[in-house]
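Asker: Need coordinates for the below:
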Amino acid sequence: MQGIVRVIEETKIREPLTEANVRGAVKSVAAGRDAWGNEIAYAIRPSSAQSMSYVVVSPGSDGRLDFPTMDSYFTMGFADIRGKGRRDIVFRDGMAITEAGK
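Answerer: Reported below is the predicted structural model:
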């Protein structure tokens, strides 16, 4: 997840954030899969007139997202999920929204 976020943040320095370059960043690390082999989910949306916000989500060990829509990840607060492997691991705009531990 951190590798994907790093690629997205490096891309943002060179060009505007688009669905295509987020998708490319996700696929460029571990073929877009998390440690459990589940597909990484992502979404982007406008955050202001000239910039975009993004989220990348590992669905955790159960392979299911915790929320029914990706929009929910744009507004969720920080969560400590250490020891809860079924919970989603979420990064929003370069910052960890969930404290997953190791």
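
Asker: what about the spatially closest residue to residue 2 that is not a sequence neighbour, is that helix, strand or coil?
Answerer: Counting by CB to CB, 6 or more residues apart in numbering, the nearest residue to residue 2 once its immediate chain neighbours are dropped is residue 91, at 7.8 Å. In short, each C-beta sits where N, CA and C put it, glycine included. Of the three states, residue 91 takes strand according to DSSP: H, G, I helix; E, B strand; the rest coil.

Asker: Can you give me the neighbour number for residue 91?
Answerer: Around residue 91 there are 22 other residues, counting by other CB atoms under 10 Å.

Asker: Likewise for residue 54?
Answerer: Residue 54 has 25 neighbouring residues, counting by other CB under 10 Å.

Asker: Show me where this protein has its helices.
Answerer: When assigned using DSSP state H, the helices of the chain occupy the ranges 2-14, 19-28.

Asker: Now do the shortest one, average pLDDT.
Answerer: Model confidence over helix 19-28 averages 95 on the pLDDT scale.

Asker: To residue 35, which of the helices of the chain lies closest?
Answerer: Residue 35 lies closest, by CB to CB, to one member of the helices of the chain: helix 2-14, at 11.8 Å.

Asker: tell me the angle the closest one makes with helix 19-28.
Answerer: Orientation check (axes from the mean of the first three to the mean of the last three CA atoms, to 10 degrees): helix 2-14 against helix 19-28 gives 150 degrees.

Asker: tell me which strands and helices helix 2-14 is in contact with?
Answerer: Applying 3 or more CB pairs under 8 Å, 6 or more residues apart in numbering; DSSP states H and E, we find helix 2-14 packed against helix 19-28, strand 52-58, strand 89-92.

Asker: Who are the contact partners of the closest residue to residue 89 other than its chain neighbours?
Answerer: In space, and not counting its chain neighbours, residue 89 is closest to residue 58: 4.1 Å by CB to CB, 6+ apart. Under the criterion of CB atoms under 8 Å, 6 or more residues apart in numbering, the contact partners of residue 58 comprise 1, 34, 35, 36, 38, 40, 88, 89, 90.
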